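A.B. asks: I'll drop the sequence and a predicted model, then ask my questions.
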Amino acid sequence: MSLDCDALPILEAALAGGGQMSELFLERSTGLMIVMDDGKVEKVLGGVDQGAGLRLIYDLKTAYAYGNQFDQDSLLPLARNLALLSQGKPVATQALRPVQPGLITQAQRPFKDTDTAIKVDMVKAAEAAAREVDSRISQVRVIYMDRGQQVRILNSLGVEAEEERSQIIMAVHCVATQDGRVQTGYESMGGIGGMEIFERKDPTKVAKEAARRAVLMLEADPAPGGAMPVVLSAEAGGTMVHEAVGHGLEGDLVYEKMSVYAGRIGEKVASELVTVLDDGTVPGRRGSGGFDDEGTPCRKNVVIDKGVLKGYLQDRLSAWKLEAQPTGNGRRESYRHRPIPRMTNTMIAPGTDDPDSIVRSTGEGLFVRKMGGGQVNTINGDFVFEVSEGYLIKDGKVDRPVRGATLTGNGPEVLSQIDKVGSDLGWSLGTCGKDGQGSPVGDAQPTLRIPRLVVGGQQQG
């Protein structure tokens with residue numbers, strides 16, 4: 001279905017009192033969520049939503065309104081109300097020109113063509129596969145979600161961008177219990193595209209991996225505490241780069257001086273072995289797309305190059321404030337939300353070290369195969385991360401598993417310490433929350449070594 005709307009009169013009406021830009025974001029979306037918990041299908045929820053978001057930027061401030069209709073009778077009153085906030089002279093709009101996307105995205109097997117019953121059966125198969133791993137698996141929760149989104153973005157600067165988007169994610173959470181001990185395991189898969197995603201990766205294997213991790217941690221010893229070398233496997237996913245680095249590079253936080261990286265362009269902020277990218281054009285990855293939600297083409301942004309800070313992640317507003325250019329990172333959850341600077345696919349670029357040799361050259365320490373959740377203070381860079389699956393390193397070999405480990409440190413300090421960067425690259429995916437909005441993201445990193453990092457453990461018993 002087409003997102004038809006005579007946009008120019010609406011954009012012009014919003015600028016009747018002046019301003020830097022008016023913008024119209026049109027969206028029609030469909031979604032399905034299937035939840036299975038404790039052996040029962042709890043939810044099968046589907047729906048359709050549509051609406052228009054109208055934004056006015058004036059005096060580097062944002063005014064925003066939205067509604068469910070695309071017609072002028074509905075949108076012109078919103079535009080006129082926004083115009084009352086600005087006290088300047090009317091500003092003319094530029095002729096609309098189609099913008100070329102940074103990536104062409106198209107589902108090979110659109111999920112709308114697959115019956116819901118087949119998707120439910122897939123969820124049931126994943127749940128059964130997890131339970132088959134071990135009798136100590138006491139609970140399995142499987143969530144499947146797909147979302148189709150058609151967007152059209154038009155602004156007074158002449159931008160016209162239109163895109164059809166398709167996202168799928170499946171996540172499995174397992175609980176293992178024995179003699180009063182409880183451990184969990186989590187694994188997920190997905191990305192942009194259609195049902196062909198499940199041809200490339202079997203969801204039952206994802207479920208078994210979540211169950212394996214829960215059982216493994218049930219048998220693991222408590223992690224020791226103290227400062228020690230830490231090797232982060234590529235399999236660990238990009239939680240470290242996303243939380244400890246990425247958020248601090250978002251332009252709004254930089255402008256508000258809420259980032260440890262504010263005002264440091266051109267400075268050395270990491271080891272010369274470290275290059276950090278945010279790339280919204282990686283095919284198939286969850287954070288990828290043709291455009292951001294302001295109509296700026298997605299692109300590859302090198303934000304840290306061989307340890308030197310090169311730039312920030314910008315939407316249009318933060319770019320104006322920082323006298324920079326938008327980078328394709330203006331993202332929003334839906335037409336109900338204003339765009340803000342967000343990551344897409346954030347990664348530490350692969351290096352040249354053999355991943356196995358990194359472990360061999362580390363006599364004693366902690367090997368992290370999978371990261372859990374984390375928290376970061378963007379103002380000073382301090383972070384705490386959970387380790388979902390960790391092992392001791394003994395005599396240069398991965399030894400017995402340990403549970404309950406946390407990693408505590410400071411983002412810039414840890415980046416500066418990294419002395420080994422593997423030639424591999426591992427991906428993780430998720431939904432990043434910021435300012436009440438969820439945004440699909442991807443994260444990646446190679447195998448890394450941090451010579452000294454504080455590991456928090458737990459006491460026996």
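C.D. replies: Received it, and whenever you're ready, just let me know what you need. Since we're looking at a predicted model, the values are computed, not measured. Numbering: from 1, shown residues only.

A.B. asks: show me the chain divided up by domain.
C.D. replies: Taking automatic domain parsing as the criterion, the chain consists of the domains 7-219, 222-456.

A.B. asks: what's the most buried one of those domains?
C.D. replies: For the domains of the chain, ranked by mean neighbour count under the definition mean count of other Cβ atoms under 10 Å, the leader is domain 222-456 at a mean of 21. Quick note: C-beta positions are derived from backbone N, CA and C, even for glycine.

A.B. asks: about what we covered before: need the domains of the chain in JSON lines with mean pLDDT, can you?
C.D. replies: Listed next are those as JSON lines, based on pLDDT from 0 to 100:
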{"stretch": "domain 7-219", "mean pLDDT": "96"}
{"stretch": "domain 222-456", "mean pLDDT": "97"}
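
A.B. asks: what ranges do the helices span in this protein?
C.D. replies: Assigned by DSSP state H, the helices in the chain fall at 7-14, 72-83, 116-132, 197-200, 203-219, 239-240, 251-255, 316-321, 355-360, 411-417.

A.B. asks: let's have those helices in a markdown table, adding distance to R299.
C.D. replies: A markdown table is the format used below for those (distance: least, Cβ to Cβ, whole Å):
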| stretch | distance to R299 |
| --- | --- |
| helix 7-14 | 25 |
| helix 72-83 | 30 |
| helix 116-132 | 33 |
| helix 197-200 | 24 |
| helix 203-219 | 30 |
| helix 239-240 | 23 |
| helix 251-255 | 15 |
| helix 316-321 | 13 |
| helix 355-360 | 29 |
| helix 411-417 | 23 |
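
A.B. asks: so which residue of the chain lies furthest out from the middle?
C.D. replies: In the chain, K89 marks the outermost C-alpha relative to the chain mean, sitting 40.0 Å out by Cα atoms, centre = their mean.

A.B. asks: how near is that residue to L15?
C.D. replies: K89 sits 10 Å away from L15, going by Cβ to Cβ, to the nearest Å.

A.B. asks: tell me which of the helices of the chain sits nearest to F25.
C.D. replies: Set against F25 and scored by Cβ to Cβ, these come closest in helix 7-14, at 10.5 Å.

A.B. asks: which helices and strands does the closest one pack with?
C.D. replies: strand 21-37, strand 40-58, helix 72-83, strand 137-155 (3 or more Cβ pairs under 8 Å, 6 or more residues apart in numbering; DSSP states H and E).

A.B. asks: could I get these as a markdown table with distance to E256?
C.D. replies: Below are these laid out as a markdown table (distance: least, Cβ to Cβ, whole Å):
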| stretch | distance to E256 |
| --- | --- |
| strand 21-37 | 20 |
| strand 40-58 | 17 |
| helix 72-83 | 24 |
| strand 137-155 | 24 |
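
A.B. asks: tell me which of these lies nearest to D356.
C.D. replies: The nearest among these, by Cβ to Cβ, is strand 137-155 at 31.2 Å.
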